[in-house]
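how would this look folded up:
(one chain, ligands or ions: 1)
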Amino acid sequence: MARINDNYLKLAAGYLFPEIGRRVGAYKEAHPDADIIRLGIGDVVLPLPEAVCEAMHTAVDELGSVGGFRGYGPEQGYDFLRTAIAEHDYGSRGVEVSPDEIFVSDGSKCDSANIQEIFAADAVVAIPDPVYPVYLDTNVMAGRTGELGDDGRYGGVVYLPCTDSTDFIAVPPDRPVDLAYLCFPNNPTGSTATVEMLAKWVEYARETGAILLFDAAYEAYITDDTIPHSIFEVPGAREVAIEFRSFSKNVGFTGTRCAYTVVPEQLRGKAGDGSDVDIRSLWNRRHTTKFNGASYVVQAGAAAAYTERGRAEVRERIDYYLDNARIIREGLDGIGLKVWGGINAPYVWSQTPDGLGSWEFFDRLLERAQVVGTPGSGFGSCGEGYFRLSAFGKREQIEEAVARIRTKLS
Ligand code: MLT
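Prediction:
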């Protein structure tokens, strides 16, 4: 019989969101008439922007014509999209990123999961707690951790506890690591980092040789002008960081799938023989070997999000979700819960009431209010006693969810 990768057996349980889906499915089976409002997984609900749809229709028509047909595209993405990204997401903010440092893909989940593959099997990894579970689970699968302990933590991982006392912001550890995952605006807590906070990380990485893996999938939700959208806004970051960006939560591509990763030309790692290795070339090797490029139609749609009309339509969607976040924040605050996030992020993070555990509160919310959220403990042990509500819902559902929470839980 074929031997399996035993590291998979170390994984705590099912992946968080399917596990929530399973529990909600069981509830629905027992209560078929329940009107369940799902604010668990951060999945967008508004339709794709018209400018994006039109560009995708045009692209389909091109592909259906003899002269416009295209087969395999460049694995790294079409130039038209890489150029638009460099200009609008970076150049417009005074940040230097060139199109050939951008690798277009089918999602930031995959990119942030796959990146660890180009680093040593024994690389030491720092991971915030709570955290988007993909960063941790993929390192477990790759064998970079020990077993899961009774405290819910894997041996060998350098956890970065993020608590109420630090406003849920990870600070550099007191020891060197090889890789450090960061996410701002943060999933799950909605916290944001200032330039000074990120500068501490860049300084740490430059001093210790660590590489920062910076997930900026939610940067479009930043409303405060003083908050950086990119790690590359910090001087010196080009030598120590990789950044992940996504079209999922801004343009609404959770189902359509498009994202990109920026690997700066200056970034270096160490080979076993002690020599310096260009990380961008390594990622290019991995990307071109394992990926055949995001579809032309999807990239044409993504590029249209940067047109004037596309940008305005994207802005409308973000404002809509941010308004939802405000309604959730005010609702939870109104019943006396302490809340974080939801201002520069589409997630609202709150304390559970009555000292309930995260999953206990999940059950209570589902049973009493038929509202689904995400238990904080699903993001790590520091998330125990907290809960995340996603602002990605239709307005009437958000209002109804808050009203139910107010009447059925307080
Ligand atoms: C979340 O709810 O945390 C996100 O939707 C997950 C993801 O983007 O993969």
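
going forward, measure contacts and count neighbours with C-alpha atoms only.
Fine.

Do I have it right that residue 181 meets residue 210?
No - if you go by Cα atoms under 8 Å, residue 181 and residue 210 don't touch, sitting 10.5 Å apart.

Show residues contacting whichever strand or helix holds residue 114.
Here residue 114, judged by DSSP states H and E, is contained in helix 108-114. Contacts to helix 108-114, defined as Cα atoms under 8 Å, 6 or more residues apart in numbering, come from residues 105, 134-135, 138, 213, 215, 217, 244-246, 259-261.

Would that helix count as contacting the ligand?
Yes - Helix 108-114 lies within reach of the ligand by Cα under 6 Å from any ligand atom, at residue 109.

just stretch 133-148 next, same as before
No - in terms of Cα under 6 Å from any ligand atom, no part of stretch 133-148 sits within range of the ligand; the closest distance is 7.9 Å.

and the chain, which residues reach the ligand?
Counting by Cα under 6 Å from any ligand atom, the residues of the chain that sit close to the ligand are 41-43, 109.

want to throw the residues you listed into TSV with pLDDT?
Shown next, in TSV, are those (pLDDT from 0 to 100):
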residue	pLDDT
41	93
42	95
43	96
109	98
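
before we move on, the earlier item: may I ask which of the contacts of helix 108-114 has the most neighbours?
residue 246 (29 neighbours; other Cα atoms under 10 Å).

Any figure for the gap between the closest residue to that one other than its chain neighbours and residue 138?
Excluding the flanking residues, the one nearest residue 246 by Cα to Cα, 6 or more residues apart in numbering is residue 259, at 4.0 Å. Per Cα to Cα, to the nearest Å, residue 259 is found 19 Å from residue 138.

what does residue 387 give?
From residue 387 across to residue 138, the span is 23 Å (Cα to Cα).

same thing with residue 266?
26 Å.

does residue 294 really touch residue 81, like I thought?
No - counting by Cα under 8 Å, residue 294 does not reach residue 81; the two are 11.0 Å apart.

Between those two, which contacts overlap?
Counting by Cα under 8 Å, 6+ apart, nothing touches both residue 294 and residue 81.

Where do the strands of the stretch 301-410 of the chain begin and end?
With DSSP state E, counting those that start in this stretch as the criterion, the stretch 301-410 of the chain has strands at 339-341, 347-351, 371-372, 374-375, 386-390.

Comparing the ones you listed, which stretch has the densest surroundings?
Mean neighbours per residue, mean count of other Cα atoms under 10 Å, is largest over the strands of the stretch 301-410 of the chain for strand 386-390, with a mean of 29.

residues in contact with that strand?
39-42, 188-189, 325, 328, 346-352, 357-358, 361-362, 373-377.

okay, now whichever residue of the stretch 101-250 of the chain sits closest to the ligand: neighbour count?
Proximity of the stretch 101-250 of the chain to the ligand (Cα to the nearest ligand atom) peaks at residue 109, 5.4 Å away. When neighbours are counted by other Cα under 10 Å, residue 109 registers 17.

what do you get for residue 82?
Residue 82 sits with 21 neighbouring residues when counted by other Cα under 10 Å.

quick one: it is in a strand?
No - in this structure, residue 82 is helix, not part of a strand, as judged by DSSP: H, G, I helix; E, B strand; the rest coil.

What sits closest to it if chain neighbours are left out?
Nearest to residue 82 is residue 99, by Cα to Cα, 6+ apart, at 4.9 Å.

Could you pull up the residues touching the one you found?
79, 82-83, 85-86.

May I see these arranged in a markdown table, with pLDDT as well?
Converted to a markdown table, the contacts of residue 99 look like this (pLDDT from 0 to 100):
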| residue | pLDDT |
| --- | --- |
| 79 | 98 |
| 82 | 98 |
| 83 | 98 |
| 85 | 98 |
| 86 | 98 |
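
about what we covered before: what's across from the residue nearest to residue 246 in the sheet?
Beta-bridge partners of residue 259, counted by DSSP bridges, are residue 105, residue 246.

wait, doesn't it sit right on residue 249?
No - contact criterion Cα under 8 Å: residue 259 and residue 249 do not qualify, at 10.3 Å.

ok, now how distant is residue 358 from the ligand?
Note on residue 358: its distance to the ligand, by Cα to the nearest ligand atom, to the nearest Å, is 16 Å.

Enumerate every residue touching that residue.
Residues in contact with residue 358 (Cα under 8 Å, 6+ apart) are 352, 375-377, 383-387.

let's go with 10 Å and repeat that
351-352, 364, 373-378, 383-388 (Cα atoms under 10 Å, 6 or more residues apart in numbering).

what does residue 383 give?
129-131, 161-163, 168, 188-189, 349-351, 357-358, 375-377.

Give me the buried subset of the residues you listed.
Buried by 16 or more other Cα atoms under 10 Å: 129-131, 161-162, 168, 188-189, 349-351, 357-358, 375-377, out of the contacts of residue 383.

Any idea how far apart the tips of stretch 371-379 sit?
Terminal residues of stretch 371-379 lie 19 Å apart, using Cα to Cα.

same deal with stretch 349-366?
Note: stretch 349-366 ends 17 Å apart using Cα to Cα.

go on, stretch 180-190?
Stretch 180-190: ends 19 Å apart by Cα to Cα.

Just give me the residue right at the centre of the chain.
In the chain, the residue lying closest to the centroid (Cα atoms, centre = their mean) is residue 217, at 4.9 Å.
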